[in-house]
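> Model the following, please.
(one chain, ligands or ions: 2)
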Amino acid sequence: CYQWKAKKQCNHRVLVGYMSSERPLKFVTGTKKYKHVTTTAIPRLEYRDPKAEELIQAGQPVIITGSDLVGSAYHWDLDYLCANLGNGLYTVYSSRNGKFKYYDEKKVSNVPSFQPPTSHTDMTFQDFASKLKRKDNSNWIYLQQPLNDTVGPRIEMDFKGFNWDFAYRQMKRNRWGPLTSNLLLVGMEGVITPAHYDEQENLFAQIQGYKKFLLFHPDQFECLYPYPIFHPHDRQSQVDFDDPDLKKFPQFPKLKGYEGIVGPKDVLYIPMYWWHQVESLEGHGETISCTFWFKAAPTEKVVYPLNAGQKVAIMRNIEKMIADTLKDNKNMPHFMKTMVQGRYS
Ligand SMILES: CC1(C)c2ccccc2-c2ccc(C[C@@H](CC(=O)O)C(=O)C(=O)O)cc21
Ligand SMILES: [Zn+2]
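Ligands and ions are numbered 1, 2, ... in the order given. Below is the predicted model:
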């Protein structure tokens, strides 16, 4: 069984020890805990355990062990990737503060005052790897790249060797849509992907290094205050977990969620619409991950009561319609306030 053995606060770092049946006691230094954020452990189960299947079918997060989903890539490390990824160019994101808040470039024109928090350049993997080694605290880098046919033959062979049976069995059994992409992620230790949700089902496979995940049910929407839908940071939380503005975001302290450390060979199921914040833990080298994103299951008959994810989808559709109809996004705040103030608030 998998349970938190001890949580001790020491010099601002929470040393979390965990004992589980399949691995010796390992101490992985976690980072500081966020004030106001209450979490319990994400369940961690063997992939053959029926309970794991039950959780996935119920749209609940679970860390799955022993699936070997990316078993043919367990030997991937920086040197191997340098030697075998070929000399194609890769998209590398940079950030001044280690946070990589995604933004949609197509929506930047909607918000004239928008300042992109990250930049990205294309470079060879070899350049990226050498920058990773020269860890520079004012320039954090994060490579994210779809695994496609530009990679070298060894990588392609490893990719073909993934446990596709497992992936497609999950897709069929849970009636997910088609697999849309596999993203290769190589992150400098310490990088953070702030809280956001995605509109696809995700089997997140960890290859090297440790990532701490915070996950929040879609019903935590009211504590996380996503940006307006036309904003470049659509789907991202406006709340800075390190310094929450409780005047603007008074419900944030009510936030409840799950927390888990995902290590090599682990696979985390991130259900669609579930919020997640991801940190590449210090002290364990760069992180290498591979995501498997699946389109949503086609909604056959709508069943009532609606679940939280469906309500988020409805809110998104209505917000899009209003923004499109009003044409000028400057009219959104007044229109939305007029609609609810004193009537639904
Ligand atoms: C931050 C970054 C590199 C990025 C920059 C610009 C555009 C897209 C992305 C993007 C997409 C996915 C991830 C992986 C993961 C978070 C994590 O593992 O850090 C996650 O959120 C998920 O698997 O759903 C990370 C990124
Ligand atoms: Zn995500």
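> got the contact list for Leu179?
Neighbouring residues of Leu179 by C-beta atoms under 8 Å, 6 or more residues apart in numbering: 167-168, 171, 292-294. Heads up, the C-betas are built off the backbone N, CA and C, glycines and all.
> Any chance of the backbone angles for it?
In terms of degrees, to the nearest 10, the main-chain angles of Leu179 are phi -60, psi 130.
> List the beta-bridge partners for it.
Residues in a beta bridge with Leu179, per DSSP bridges, are Phe294.
> now swap in the one 4 residues further on and tell me
Beta bridges link Leu183 to Pro146, Thr291, judged by DSSP bridges.
> surely it meets Ile288?
No: the criterion here is C-beta atoms under 8 Å, and Leu183 misses it with Ile288 at 11.5 Å.
> okay, those two: which has more neighbours?
Ile288 (24 against 16; other C-beta atoms under 10 Å).
> Compute the distance between the more buried one and ligand 1, please.
Remark: distance between Ile288 and ligand 1 (C-beta to the nearest ligand atom, to the nearest Å) = 10 Å.
> One more: Pro146?
Pro146 is 10 Å from ligand 1, where distance means C-beta to the nearest ligand atom.
> Kindly report the same for Asn163.
Where ligand 1 is concerned, Asn163 sits at a distance of 18 Å (C-beta to the nearest ligand atom).
> Quick check: Tyr344 is in a strand.
No: going by DSSP: H, G, I helix; E, B strand; the rest coil, the assignment for Tyr344 is coil, not a strand.
> Which pLDDT value belongs to it?
Looking at Tyr344, its pLDDT reads 95.
> so how far is stretch 76-92 off the chain centroid?
The chain centre lies 22 Å from the centre of stretch 76-92; the measure is C-alpha atoms, centre = their mean, to the nearest Å.
> Repeat that for stretch 220-230.
With C-alpha atoms, centre = their mean, you get 16 Å for stretch 220-230.
> Repeat that for stretch 147-158.
Here stretch 147-158 is found 24 Å from its chain centre; the criterion is C-alpha atoms, centre = their mean.
> sorry, back to before: hmm, which two among the contacts of Leu179 are most spread apart?
Of all pairs drawn from these, the greatest distance, 14.0 Å, lies between Tyr168 and Trp293 (C-beta to C-beta).
> Let me see the contact set for Trp140.
Contacts of Trp140 by C-beta under 8 Å, 6+ apart are 94-98, 100, 188, 190-191.
> on that earlier part again, name the nearest of the contacts of Leu179 relative to ligand 1.
The closest of these to ligand 1 turns out to be Trp293 (C-beta to the nearest ligand atom; 7.5 Å).
> for ligand 1, what are the nearby residues on this protein?
By the rule C-beta under 6 Å from any ligand atom, the part of the chain lying against ligand 1 is 93, 100, 102, 142, 144, 183, 185, 193, 198, 202, 204, 211, 276, 278, 289, 291.
> Go again with 8 Å.
Residues of the chain found near ligand 1 (C-beta under 8 Å from any ligand atom) are 91, 93, 100-103, 118, 120, 142-144, 183, 185, 187, 191-193, 196, 198, 202, 204, 211, 270, 276, 278-280, 287, 289, 291, 293.
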